[in-house]
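Q: heads up, no residue letters with this:
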């Protein structure tokens, strides 16, 4: 199927509205647009650079935890939450009660992502894995009444106060199982030669078009991209998340998906997707470079001044790379020291400019590794 000849689907009248019935994507795909070839080559190259760089960094898993938190906050922000990275690192009791619903959605997303990535070792990327991940995503907070872990059994829609004035109405729920089965078969069809980045670009478009869940479709659809890249070996570690690019170009993101449906113009969506991979990969390498420089400065210039405290100071630094906001009690628990030793280490880290105290309280104070957090806010 040449992309330019593809018909995305058809609208079919229901009782009070028209629903969109997407066409199967489990096809052999070709294209005549040379720009797709150029972008695909560059995207594969930049993704390879990001993967290679992440493999050269010692203890890279510490830093990936912050990548996950950034993805959780950014992907959730696209759906309307207002939790920032700094807030996501706090405990529930330290969050303003008015912000706790948003905070909870981000925490759910972090748990869902970590679960799905770990589960890939024993379960392929599949409708089963997506459902299990969705169940965790909606396990607490606003989504608990929206069929966590199950495909929808009622009609949903996108935009508009009612279904009659909706911007887009996905296919009826009776179509979801077969459409998702087709999507899963496409992802794993080894009898067709479709480049992996083209395959996941089409799969993301189709997933968002099917909108198989009552809630959480955007977040699961974006997470599916990272899961696919890891499951297919394009990335050894989950270091690329496109939500940051999609959020910064939110209008374009939605427009390209919409144009693919309304005009059957998949080429525009694919090019946008490949540019997102290119730019996100380049930014990922820059972030890792900044992390390495910060680490070298701290461990090569600051920690060495602590003498016999150095071993425990290095342990605390490793904790901070994955959890850059903590209390003295958490330090005590994480590196197995007395409360007095934890407080002494924190005082040293504050004096050295590694940590800053952000609450102004006398008890239950929170200390933040701000220079590190800023790297993920750039």
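A: Here it is on my side, so go on. In this text, all values refer to a predicted model and were calculated from it rather than measured experimentally.

Q: going forward, measure contacts between C-alpha atoms and count neighbours the same way
A: Will do.

Q: which parts of the stretch 151-300 of the chain are strands?
A: Remark: strands of the stretch 151-300 of the chain are absent; assignment by DSSP state E, counting those that start in this stretch.

Q: next, count neighbours for residue 68.
A: Residues near residue 68, counting by other Cα atoms under 10 Å, number 21.

Q: next: residue 194.
A: Residue 194 has 17 neighbours, counted by other Cα under 10 Å.

Q: relative to residue 31, how far out is it?
A: Using Cα to Cα, to the nearest Å, one gets 11 Å for the distance from residue 194 to residue 31.

Q: kindly report the same for residue 312.
A: 57 Å.

Q: shaky segments in the protein?
A: Of all residues in the chain, none has pLDDT under 70.

Q: now do the domain split for it, please.
A: Using automatic domain parsing, the domain ranges for the chain come out as 10-287, 306-375.

Q: please identify the deepest-packed of the ones you listed.
A: Burial of the domains of the chain is given as mean neighbour count (mean count of other Cα atoms under 10 Å); domain 10-287 ranks first at a mean of 18.

Q: for the stretch 201-350 of the chain, what spans make up the helices?
A: For the stretch 201-350 of the chain, the helices defined by DSSP state H, counting those that start in this stretch cover 217-231, 243-248, 250-263, 266-297, 310-322, 328-335, 339-351.

Q: the fourth one - contacts with which helices or strands?
A: If contacts are counted by 3 or more Cα pairs under 8 Å, 6 or more residues apart in numbering; DSSP states H and E, helix 266-297 sits against helix 34-56, helix 196-210, helix 243-248, helix 250-263, helix 370-375.

Q: 7 Å - rerun?
A: helix 34-56, helix 196-210, helix 250-263 (3 or more Cα pairs under 7 Å, 6 or more residues apart in numbering; DSSP states H and E).

Q: out of the ones you listed, which is closest to residue 93?
A: Closest to residue 93 of the helices and strands packed on helix 266-297 is helix 250-263 (Cα to Cα; 31.9 Å).

Q: so which elements touch that closest one?
A: Secondary elements touching helix 250-263 (3+ Cα pairs under 7 Å, 6+ apart): helix 266-297.

Q: got the angle between the helix it packs on and helix 34-56?
A: Angle, helix 266-297 to helix 34-56, by axes from the mean of the first three to the mean of the last three Cα atoms, to 10 degrees: 20 degrees.

Q: what angle do helix 266-297 and helix 196-210 make?
A: Using the same axes, to 10 degrees: helix 266-297 against helix 196-210 is 110 degrees.

Q: now helix 266-297, how far from the centre of its chain.
A: 13 Å (Cα atoms, centre = their mean, to the nearest Å).

Q: stretch 367-378 now?
A: Remark: stretch 367-378 is offset 19 Å from the chain centroid, using Cα atoms, centre = their mean.

Q: equivalent analysis for stretch 337-353, please.
A: Computed by Cα atoms, centre = their mean, the chain-centroid distance of stretch 337-353 equals 33 Å.

Q: give me the contact list for it.
A: Identification of contacts with stretch 337-353 by Cα atoms under 7 Å, 6 or more residues apart in numbering yields 302, 313, 328, 329, 331, 332, 355, 356.

Q: how about stretch 98-111?
A: 68-69, 72-73, 76, 81-83, 88, 136-138, 141.

Q: out of the residues you listed, list just those in strands.
A: Among the contacts of stretch 98-111, no member falls in strands (criterion: DSSP state E).

Q: which of those residues sits closest to residue 5?
A: Set against residue 5, the nearest of these by Cα to Cα is residue 76 (34.7 Å).

Q: ok, now which ones touch that closest one?
A: 106, 219.

Q: gap between it and residue 123?
A: For residue 76 relative to residue 123 (Cα to Cα), the value is 25 Å.

Q: now the most centrally placed residue in the chain: how far from residue 15?
A: Nearest to the geometric centre of the chain sits residue 71, at 3.8 Å (Cα atoms, centre = their mean). According to Cα to Cα, residue 71 and residue 15 sit 39 Å apart.

Q: with residue 364 instead?
A: Distance, residue 364 to residue 15, using Cα to Cα: 58 Å.

Q: kindly report the same for residue 32.
A: 40 Å.

Q: go on, residue 279?
A: Note on residue 279: its distance to residue 15, by Cα to Cα, is 44 Å.

Q: one more: residue 217?
A: For residue 217, the distance to residue 15 - Cα to Cα - is 24 Å.

Q: residues touching residue 185, list them.
A: Taking Cα under 7 Å, 6+ apart, one finds residue 26 in contact with residue 185.

Q: which residues does residue 357 bridge with?
A: residue 367 (DSSP bridges).

Q: so it is in contact with residue 369, correct?
A: No: taking contacts as Cα atoms under 7 Å, residue 357 lies outside contact range of residue 369: 9.3 Å.
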